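Q: any chance you can model this:
(chains A, B, C and D)
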Protein chains: 2
Amino acid sequence: MTAHGADVQDGDGQARTESKQSVEVPAARERARAIPEAAVARLAVYLRALSVLADQDVTTVSSDELAVAAGVNSAKLRKDLSYIGSYGTRGVGYEVSVLVGQIERTLGLTRKHSVAVVGIGNLGHALANYGGFPSRGFPVSALFDLDPDLVGVPVGGIPVNHIDDIVEVCADREVTIGVIATPVQGAQEVCDRLVAGGVTCILNFAPVVLQVPEHVEVRKVDLAVEMQILSFHVARRQQEAAAQSEVDGADTGPPGSGEQEPGEVESANRMVERL
Amino acid sequence: MTAHGADVQDGDGQARTESKQSVEVPAARERARAIPEAAVARLAVYLRALSVLADQDVTTVSSDELAVAAGVNSAKLRKDLSYIGSYGTRGVGYEVSVLVGQIERTLGLTRKHSVAVVGIGNLGHALANYGGFPSRGFPVSALFDLDPDLVGVPVGGIPVNHIDDIVEVCADREVTIGVIATPVQGAQEVCDRLVAGGVTCILNFAPVVLQVPEHVEVRKVDLAVEMQILSFHVARRQQEAAAQSEVDGADTGPPGSGEQEPGEVESANRMVERL
DNA sequence: TTATGTGAAACGATTCACAGCT
DNA sequence: AGCTGTGAATCGTTTCACATAA
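A: Below is the predicted model of the structure:
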């Protein structure tokens, strides 16, 4: 393996304590249950790599090839695929179309998932205008904002509704996925309304820990956290370089520069208040 | 624990095979090294929770309180904090300001990290315009796009440069973090230039697996993957509900609705081509 | 031969539970 | 009496290595 960054950076870890409800699922009809969370995230990555291959009219692919395309190691890929069934041919590989179909089935992509975007600021605009996003199974069917000047204005072809109408509109349009792109202050309130409107999945861009009933799935995308993780790695590398040269004697380390002005930073948080 | 979604959803998993370079880090001056990746991601979350507390003039906090605020369990929080040192007082808790300082130090937030955004489409605009993002330790100091009509136009106060100048401008402005918000096609090329310009950290919004030298850190944010993971959970829940009612006898399940029209979806991938 | 599929080993992260300090 | 800090147990994920099938 040739050690380079990009990997699935998920591993997931959604809370989900106490997963069993009422009686105890009877092990019958337990189709897609036993797939590890970490594997689910990667299946989506494999699916994209497979789509690229399909576009190039590749019909068959080995676990090694697909693993390279997806940026994972091939043993992991095979194990992941084994969770959804045995669709490969020993000595040959996998048929691209079969694998695409099976992964789509597993991920529930054979059905449309209506999306509502709440908070039509810069990010909300980006999401609403984004054509490729709704075009493949995730139609954006409602937009909401607080701002009366925005209500009624069509963004990406869909008129913006007022957030007071979230419950009604979401229920009416059978929205499954709610995307929260509001400032922190409004996020929990918006979330509650989405849930009241029957939304069971939430993608949250606001840097708050949302409180939701247990049947609702939340995923969070937090720019500040991503940047800070990167920052940590810069810091660590610098320390390593420093420690290294302390031992080696003189200057070793990454090719680029090394230091940079320290430049005091105030409290260094509270980011992503308004995307 | 009261089982609700929101958690750190990271656990990370960046590749990083063969982490040791040259000789073998001599265990001397090994300050921030041994912190598990998963813990680093959460430290950023704790930091935000602490900032909120600090704003409310809270001076002291127990692991239980902070854990609730950050949406994790308190044992995990204490273990995470133990990686950065012992800054709590038994029988009392942690002093907010001390913890903020120590986490900032650990994450390398006591230094500025210049950011360059490449691809000034909808998302790029959102990132460039976003005030809170650069205002706390991550100043956006360069913007790039391919489009000649955009070059020279100031976005969020910074004039857009042409992507041909990435290497030069990044080196000149000592950019540490590159954000790729381009379509898939250009992403690898842009990435190579950023790296040539001395950028060691990349936040990638394009759905490609970037190839980078091992001293470069990549993190990927992939909307399509997030949506598909949510989709999986909807599907699984539906199956569980179906399995449940098959056993129970009649209708059990989540309060909202249950089904929705299946509605065929074509190939269901290739999303996020142009955010 | 070649490449899948998978038990079993290794690794890493989380949770438990309690000793140790205030 | 209360809460931190941390070994030890547990659980989930990754990797190994090979039997199995084309």
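
Q: only C-alpha atoms from now on, for both contacts and neighbour counts.
A: Noted.

Q: look up how far B:N122 lies from the residue of the stretch 151-275 of chain A found nearest DNA strand C.
A: Residue nearest to DNA strand C within the stretch 151-275 of chain A: A:I229 (13.4 Å; C-alpha to the nearest atom of the strand). In this structure, A:I229 and B:N122 are 24 Å apart, going by C-alpha to C-alpha, to the nearest Å.

Q: what helix or strand is the residue in the stretch 101-250 of chain A positioned nearest to DNA strand C on?
A: Distances between the stretch 101-250 of chain A and DNA strand C by C-alpha to the nearest atom of the strand are smallest at A:Q102, namely 11.9 Å. Taking DSSP states H and E as the definition, A:Q102 sits inside helix A:96-106.

Q: quick one: pLDDT of the closest residue to the residue of the stretch 151-275 of chain A closest to DNA strand C other than its chain neighbours?
A: In space, and not counting its chain neighbours, A:I229 is closest to B:A41: 6.1 Å by C-alpha to C-alpha, 6 or more residues apart in numbering or on different chains. You'll see B:A41 listed with a pLDDT of 97.

Q: same thing with A:Q238?
A: With respect to pLDDT, A:Q238 scores 83.

Q: how close does it get to A:R48?
A: Distance, A:Q238 to A:R48, by C-alpha to C-alpha: 35 Å.

Q: could you check which of these two has the larger neighbour count?
A: Set A:Q238 next to A:R48 and count neighbours by other C-alpha atoms under 10 Å in any protein chain shown: A:R48 wins out with 23 against 17.

Q: tell me the secondary structure at A:K112.
A: Recorded secondary structure, A:K112: coil (DSSP: H, G, I helix; E, B strand; the rest coil).

Q: could you check how many residues crowd around it?
A: Other residues lying near A:K112 total 22 when counted by other C-alpha under 10 Å.

Q: check contacts around the closest residue to chain B within the stretch 151-275 of chain A.
A: Going by C-alpha to the nearest C-alpha, chain B is nearest to A:F232 of the stretch 151-275 of chain A, at 4.2 Å. Contacts for A:F232 (C-alpha atoms under 8 Å, 6 or more residues apart in numbering or on different chains) come out as B:V40, B:T106, B:L107, B:G108, B:L109.

Q: and the pLDDT for the third one?
A: Predicted confidence (pLDDT) for B:L107: 96.

Q: for the residue nearest to it when sequence neighbours are not counted, give its distance to B:H113.
A: Nearest residue to B:L107, sequence neighbours excluded (C-alpha to C-alpha, 6+ apart): A:F232, at 4.2 Å. Applying C-alpha to C-alpha, the value for A:F232 to B:H113 is 11 Å.

Q: same question, A:Y130
A: 29 Å.

Q: longest helix of chain A?
A: Using DSSP state H, we find that the single longest helix of chain A is helix A:223-248.

Q: next one: that one to chain centre, how far?
A: 26 Å (C-alpha atoms, centre = their mean, to the nearest Å).

Q: average pLDDT across the helix or strand hosting A:S82?
A: Here A:S82 sits within helix A:74-84, counting by DSSP H and E. For helix A:74-84, mean pLDDT rounds to 98.

Q: now it, how far from the chain's geometric center?
A: Distance, centroid of helix A:74-84 to centroid of chain: 20 Å (C-alpha atoms, centre = their mean).

Q: now check that helix, is it near chain B?
A: No. Residues of helix A:74-84 are not located near chain B by C-alpha under 8 Å from any C-alpha of the partner chain, the shortest gap being 12.4 Å.

Q: run a quick neighbour tally on the closest residue to A:L99 other than its chain neighbours.
A: Spatial nearest neighbour of A:L99, chain neighbours left out: A:Y87 (7.0 Å); criterion: C-alpha to C-alpha, 6+ apart. When counting by other C-alpha under 10 Å, one arrives at 14 neighbours for A:Y87.

Q: make sure A:Y87 is actually in contact with A:S97.
A: No. A:Y87 is beyond contact range of A:S97, at 10.6 Å (criterion: C-alpha atoms under 8 Å).

Q: can you map out the strands along the stretch 151-275 of chain A?
A: For the stretch 151-275 of chain A, applying DSSP state E, counting those that start in this stretch gives strands covering A:154-155, A:158-162, A:177-180, A:201-204, A:217-220.

Q: is the last one positioned near chain B?
A: Yes. Remark: strand A:217-220 sits within contact range of chain B at A:E217, A:V218, A:R219, A:K220, by C-alpha under 8 Å from any C-alpha.

Q: other SSEs contacting that strand?
A: strand A:201-204, helix B:223-248 (3 or more C-alpha pairs under 8 Å, 6 or more residues apart in numbering or on different chains; DSSP states H and E).

Q: will you turn the ones you listed into JSON lines that also has distance to B:V151?
A: Compiled in JSON lines, the helices and strands packed on strand A:217-220 are given as follows (distance: least, C-alpha to C-alpha, whole Å):
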{"stretch": "strand A:201-204", "distance to B:V151": "32"}
{"stretch": "helix B:223-248", "distance to B:V151": "27"}
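
Q: out of those, which one sits most buried?
A: strand A:201-204 (a mean of 25; mean count of other C-alpha atoms under 10 Å in any protein chain shown).

Q: ok, residues contacting that one?
A: For strand A:201-204, contacts defined as C-alpha under 8 Å, 6+ apart pick out A:176-181, A:191, A:216-221, B:226-227, B:230, B:234.

Q: quick one: that strand to chain centroid distance?
A: In this view, strand A:201-204 has its centroid 10 Å away from the chain centroid, taken as C-alpha atoms, centre = their mean.

Q: check stretch A:191-203 too.
A: 17 Å.

Q: in terms of helices and strands, where is A:A142?
A: With DSSP H and E as the test, A:A142 turns up in strand A:140-145.

Q: what ranges in the stretch 151-275 of chain A fall below the confidence cut-off?
A: Counting by pLDDT under 70, the stretch 151-275 of chain A contains low-confidence ranges at A:244, A:246-275.

Q: hmm, try it at 50
A: Applying pLDDT under 50 to the stretch 151-275 of chain A flags residues A:251-275.

Q: and the angle from the strand holding A:A142 to strand A:158-162?
A: Angle of strand A:140-145 versus strand A:158-162, following axes from the mean of the first three to the mean of the last three C-alpha atoms, to 10 degrees, is 40 degrees.

Q: I'd like to know which elements strand A:140-145 is packed against.
A: Strand A:140-145 is packed against strand A:115-118, strand A:158-162, helix A:166-172, with contacts defined by 3+ C-alpha pairs under 8 Å, 6+ apart.

Q: wait, A:L143 touches A:I120, no?
A: Yes. Contact criterion C-alpha under 8 Å: A:L143 and A:I120 qualify, at 7.4 Å.

Q: these two - which one has more neighbours?
A: Remark: of A:L143 and A:I120, A:L143 carries more neighbours, 30 against 24, as counted by other C-alpha under 10 Å.

Q: and stretch A:182-194, which residues are buried?
A: Buried residues in stretch A:182-194, defined by neighbour count with 16 or more other C-alpha atoms under 10 Å in any protein chain shown: A:T182, A:P183, A:V184, A:A187, A:Q188, A:V190, A:C191, A:D192, A:R193, A:L194.
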